[in-house]
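J.: Here is a sequence with its predicted model. Questions after.
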Amino acid sequence: MIDPSAVRPSARQLAWQRQELTAFVHFGINTFTDLEWGTGLDDPAVYDPAELSCDQWVRVLVDAGFKSVILTAKHHDGFCLWPSRFLPHTIAASPSGRDVMAEMSAACAEHGLGMGFYLSPADLYQEKAPGGYYGNGSPAVASEIGEFVYEVDDYNRFYLNQLYELLTQYGPITEVWLDGANPTSTAQEYAFDAWFDLIRRLAPSATIAVGGPDVRWVGNEDGFARETEWSVVPFASGQMVAQQTAASVAGPAELAAADELRWYPAEVDVSIRPGWFYHASEDDAVKSVPELLDIYRKSVGRNAVLLLNIPPDRRGRFADPDVQALAAFGEAIRSYYDTAVELPGSFNVLSLREDIAAGQQVESFAVDALIDGSWTEVAVGTTIGHRRLIPLDSSVTADAVRVRILATRAPDPSVALTVHHDPTLS
């Protein structure tokens, strides 16, 4: 069997994991049609955010502790939030006309927030519009994409040209997000190798996520990673051994079937509302601070990065309920999870961290607390990774704590242990 203890993250993966909190911004023509997935033939005339403020979005996110943001530059409906030269179905055809990508890039640069974009591979506009490229059966031919040449068909040429626009006009880009969802009814092969090559050439420090080689989808959109979440993932014949939705993606059975191991950490995507795009009917359904903290513990606290979606409203601003929830969420993280309890003292959450620059090694562990002069086991767990947060059933008062490594892939892994108090758990 291949040795999993030798697998290490790349510099871009390490920087990505250390962010912990990233934001998703779903905004576009669906915001104005009240749909989650557009039709592809939606009229750009309906798109008119009269109070558009990317600066508001970014300030709210920075204040809440987010380290980067991913904007839906193009969702499945094909409408583009920048004036792409390669189709008419963009903000240039709308009453607004404002380049959202440019305004977002400027706001991120001003406030020090990393910026990424979501560019849907599936494209209903290119499938349904006259002369559209999606699944048109065209042959692959040598195609110039800026200063590069790729052998691709019409749609992949179109997609590469859009990648080139976004990567060269709105950088620096920290993450490119490729959604696997596909509402089209036409077969279209994607030239992934060409896409990844272009991204690596133009944005070598950017992670390519969810369909890309750097970051995998955790397998659900409910806000939680697995209790045993490995970043070292088994592959066979170039594909993950397990499905991304499987209960175990990197256990002993999967490792035994692998011909390759890759560092492939999980990203947890979830929305602050029931939907991904804004719907006024959901203003009373914004997740509460206890709900958001539970998601935080089960994502960041299970060796993943949290990608939390906040959809702007039709004004082009984050709605007040979302702003208030984000502010309180950020303050709670700073107070409860960035600030450790000094011992002796009382706590109800354990925080463990591995030095993942040296790989992910811990297979199981136990934590003991020194209570009234005796060591008492208060928790056991499996993987740790970048961070593991374990809420306790009740508060513990102790003079000291210690971690015992029960099983590990490499000797003497570096593990840091701190304790915290979260009053929302009481």
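T.: Received, thanks.
J.: Pull up the distance across stretch 373-392, start to finish.
T.: 20 Å (CA to CA, to the nearest Å).
J.: Show me what counts as buried in it.
T.: 378-379, 381-392 (16 or more other CB atoms under 10 Å). Just so you know, the C-beta spots here come from the backbone N, C-alpha and C atoms, and that holds for glycine as well.
J.: How are the helices of the stretch 151-300 of the chain distributed by residue range?
T.: 154-169, 192-202, 252-256, 289-299 (DSSP state H, counting those that start in this stretch).
J.: ok so, going back, so, if you compare the buried residues of stretch 373-392, which one comes nearest to residue 242?
T.: Closest approach between those and residue 242, by CB to CB: residue 383, at 15.4 Å.
J.: For that closest one, which non-adjacent residue is closest in space?
T.: Excluding the flanking residues, the one nearest residue 383 by CB to CB, 6 or more residues apart in numbering is residue 228, at 5.1 Å.
J.: you'd agree that neighbour is up against residue 382?
T.: Yes. Counting by CB atoms under 8 Å, residue 382 is a contact partner of residue 228 at 4.3 Å.
J.: which residues in the stretch 1-150 of the chain form strands?
T.: Counting by DSSP state E, counting those that start in this stretch, one finds strands in the stretch 1-150 of the chain at the ranges 21-25, 68-74, 114-119, 141-145, 148-152.
J.: Pull out the buried positions in the second one.
T.: For strand 68-74, burial by neighbour count (16+ other CB under 10 Å) applies to 68, 69, 70, 71, 72, 73, 74.
J.: Next, format those as CSV and append pLDDT and distance to residue 302.
T.: Shown next, in CSV, are the buried residues of strand 68-74 (pLDDT from 0 to 100; distance: CB to CB, whole Å):
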residue, pLDDT, distance to residue 302
68, 98, 20
69, 98, 22
70, 98, 21
71, 98, 26
72, 98, 26
73, 98, 29
74, 98, 31
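J.: Now flag whichever of those is closest to residue 6.
T.: residue 68 (29.2 Å).
J.: which residues does the closest residue to residue 222 other than its chain neighbours form a beta bridge with?
T.: Nearest in space to residue 222, with sequence neighbours left out and distances taken as CB to CB, 6+ apart, is residue 270 at 6.4 Å. In this structure, residue 270 bridges to residue 308 when assessed by DSSP bridges.
J.: tell me the contacts of residue 270?
T.: 221, 222, 223, 295, 299, 306, 307, 308, 309 (CB atoms under 8 Å, 6 or more residues apart in numbering).
J.: Can you flag the buried ones in these?
T.: Looking at the contacts of residue 270 with 16+ other CB under 10 Å, the buried ones turn out to be 223, 295, 299, 306, 307, 308, 309.
J.: Nearest to residue 358, out of the residues you listed: which one, please.
T.: Once CB to CB is applied, the member of the buried ones among the contacts of residue 270 that ends up nearest residue 358 is residue 299, at 22.8 Å.
J.: Which pLDDT value belongs to that closest one?
T.: We have a pLDDT of 98 for residue 299.
J.: Having no further points to raise, I will conclude here.
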